[in-house]
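Asker: sharing a model that was predicted from the sequence below.
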Amino acid sequence: MKFILGYPVFSANLELQKEWKMHNHKNDYKNLLIGILLGLLITLCLDLLITFLGLWNFDFSIIKNLYLLILIIPLHELIHLIFFPCFSNATIGFSPKKLIFYVTTEDEISKIRFLIIAIMPFILLTILPLIIFFYWQYYIIAQFALLNALASGIDLKSFFYIYRQPNGSVFKMVGSALYSKII
C-alpha cells in the first residue's frame, strides 16, 4: 500500500489494448460536481426524514462539525480499502488540485466487487449510524451519518454507473480514468 499526494501514475497503457473500453474520462469535473450535488441531495433528504419523523430537531451544519470530517474521511477511505481484492496493491492519496481523497489500485476489479467497494462506506457510515440513531438519539450520530452521506455522493454516482454496465465486466483504474472489458 502506498500513500501519495496528487494522482497516481500507473504503468499500464490500456489504450493500446483493444479489449479495454475507456469510460468518460474527459468530464472529470462534471462528474465530480454531479457527485457532490448527489451527496447534497441525499444529505438534505436524510435531514428532512429525521426532522419529519420527529426524531430530532437539530441544525445540521458542516462548519460546526468540521472536526467530524477529520474522522470520517480517513474512515470512509479505509472502508473502501478493506474491500479491495488485494489492498496491499492499493494507493491511498489526496489530490490538492481536485480537493479529494481517494483509494485506487492497478488490480482488475469485478463488477460485483466494484459495487461493494463503492457502496460500503455509505452503508457502514450512513445507513448503520442512522439505524442506531433511531434507537439512541444522540446528536453526534446523526451528524456523523449526514456528513458521510455528503461525502458519499461520488461513490453513489459510481455505484449507479457501474451497476448499469454489463454483467461479467471487469474494471481497471488508471489514474482518474476507468477502463472495462467483458470477460
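Answerer: That came through fine. Quick caveat, the model's predicted, so the values are computed rather than measured.

Asker: report all helices and strands that whichever strand or helix holds Ile162 contacts.
Answerer: Using DSSP states H and E, the element containing Ile162 is helix 153-163. When contacts are defined as 3 or more CB pairs under 8 Å, 6 or more residues apart in numbering; DSSP states H and E, helix 153-163 sits against helix 28-52, helix 111-122. Yep, even glycine has a C-beta here, placed from its N, CA and C like the rest.

Asker: and among the ones you listed, the most buried is which?
Answerer: Counting by mean count of other CB atoms under 10 Å, helix 111-122 has the highest mean neighbour count of the helices and strands packed on helix 153-163, with a mean of 20.

Asker: which helices and strands does that one pack with?
Answerer: In this structure, helix 111-122 packs against helix 66-82, helix 139-151, helix 153-163, strand 169-174, with contacts taken as 3+ CB pairs under 8 Å, 6+ apart.

Asker: pretty sure Phe101 belongs to a strand, no?
Answerer: Yes - going by DSSP: H, G, I helix; E, B strand; the rest coil, the assignment for Phe101 places it inside a strand.

Asker: mind checking how far the most centrally placed residue in the chain is from Gly168?
Answerer: Relative to the mean C-alpha position of the chain, the nearest C-alpha, by CA atoms, centre = their mean, is the one of Asp155, at 3.0 Å. Distance of Asp155 to Gly168, given as CB to CB, to the nearest Å: 23 Å.

Asker: now do the phi/psi pair for Lys2.
Answerer: With angles defined as degrees, to the nearest 10, Lys2 shows backbone torsions of phi -120, psi 150.

Asker: counting contacts, what elements does the lowest-mean-pLDDT helix or strand in the chain pack onto?
Answerer: The helix or strand of the chain with the poorest confidence is strand 21-23; it has a mean of 82 (mean pLDDT, DSSP states H and E). Here strand 21-23 touches strand 177-182, going by 3+ CB pairs under 8 Å, 6+ apart.

Asker: name every strand pairing with the strand it packs on and say which way it goes.
Answerer: Using DSSP bridges, the strands paired with strand 177-182 in its sheet are strand 21-23 (antiparallel), strand 169-174 (antiparallel).

Asker: just the CA atoms of stretch 42-55, as PDB, please.
Answerer: Extracted in PDB, the C-alpha atoms of stretch 42-55 (Å, rounded to 0.1, in the frame of the first residue of the first chain):
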ATOM      1  CA  ILE A  42     -29.100  12.700  -0.200                       C
ATOM      2  CA  THR A  43     -28.000  14.600   2.900                       C
ATOM      3  CA  LEU A  44     -30.900  17.000   2.600                       C
ATOM      4  CA  CYS A  45     -33.400  14.100   2.200                       C
ATOM      5  CA  LEU A  46     -32.000  12.300   5.200                       C
ATOM      6  CA  ASP A  47     -32.000  15.500   7.300                       C
ATOM      7  CA  LEU A  48     -35.700  16.100   6.300                       C
ATOM      8  CA  LEU A  49     -36.500  12.500   7.100                       C
ATOM      9  CA  ILE A  50     -35.000  12.800  10.600                       C
ATOM     10  CA  THR A  51     -36.900  16.100  11.200                       C
ATOM     11  CA  PHE A  52     -40.200  14.800   9.600                       C
ATOM     12  CA  LEU A  53     -40.200  11.700  11.800                       C
ATOM     13  CA  GLY A  54     -39.700  14.000  14.800                       C
ATOM     14  CA  LEU A  55     -36.700  12.100  15.900                       C
END
